[in-house]
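Enquirer: structure for the following, please:
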Amino acid sequence: MLTACQWYAFIAGICGLNSINTLVLIAVDRYKVISQPLRSLYMVSARRSAILICISWLWAAIWTIPPLVGWGRYIGEGFQVSATILSCSQKFDASCPQFVCDMSCC
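Expert: Below you'll find the model as predicted:
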């Protein structure tokens with residue numbers, strides 16, 4: 001059973017990462033419109049935008065779901081009023097798959 005702290009960290013994590021992903025997608029879109037103005041007329045569509053939004057949410061979910069299923073965990077931070085992802089404990093060993101995944105994907 002998940003605690004309220006875990007749900008809070010999951011929701012904050014997925015929304016925060018999705019916000020960053022959306023800003024990146026907007027920046028890439030603006031870059032393409034400025035650098036290739038005539039070609040971008042054919043690339044812009046509601047379907048493409050919907051696909052990019054789904055990819056943004058999926059990417060955020062990929063990074064926030066592992067602590068819910070046992071890879072890493074959510075811990076309180078600061079004055080215990082918020083939570084964050086703890087990918088690995090102080091002792092590094094082979095039981096840190098989230099950390100290994102983070103380092104290999106970044």
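Enquirer: switch to C-alpha atoms for all contacts and neighbour counts from now on
Expert: Fine.
Enquirer: residue 47 versus residue 40, what's the distance?
Expert: 14 Å (C-alpha to C-alpha, to the nearest Å).
Enquirer: which one of the two is surrounded by more residues?
Expert: The neighbour comparison of residue 40 against residue 47 (other C-alpha atoms under 10 Å) goes to residue 40, with 15 against 9.
Enquirer: the more buried one: which element?
Expert: Element membership of residue 40, judged by DSSP states H and E, is helix 37-43.
Enquirer: show me where the protein has helices.
Expert: 4-35, 37-43, 46-64, 97-105 (DSSP state H).
Enquirer: quick one: mean pLDDT for the third one?
Expert: The one in question is helix 46-64. For helix 46-64, the mean pLDDT works out to 91.
Enquirer: got any ranges where this structure has weak pLDDT?
Expert: Applying pLDDT under 70 to the chain flags residues 76-106.
Enquirer: most remote residue from it's center?
Expert: residue 38 (32.2 Å; C-alpha atoms, centre = their mean).
Enquirer: I'd like to know how many residues surround residue 46.
Expert: 9.
Enquirer: how many residues are close by the closest residue to residue 73 other than its chain neighbours?
Expert: In this structure, residue 73 finds its nearest non-sequential neighbour in residue 67, 4.5 Å apart by C-alpha to C-alpha, 6 or more residues apart in numbering. By other C-alpha under 10 Å, the residues close to residue 67 number 18.
Enquirer: and for residue 14?
Expert: Residue 14: 20 neighbours (other C-alpha under 10 Å).
Enquirer: same question, residue 24
Expert: The local packing of residue 24 (other C-alpha under 10 Å) involves 13 other residues.
Enquirer: how close does it get to residue 17?
Expert: Residue 24 is 11 Å from residue 17, by C-alpha to C-alpha.
Enquirer: just residue 6 next, same as before
Expert: 16 Å.
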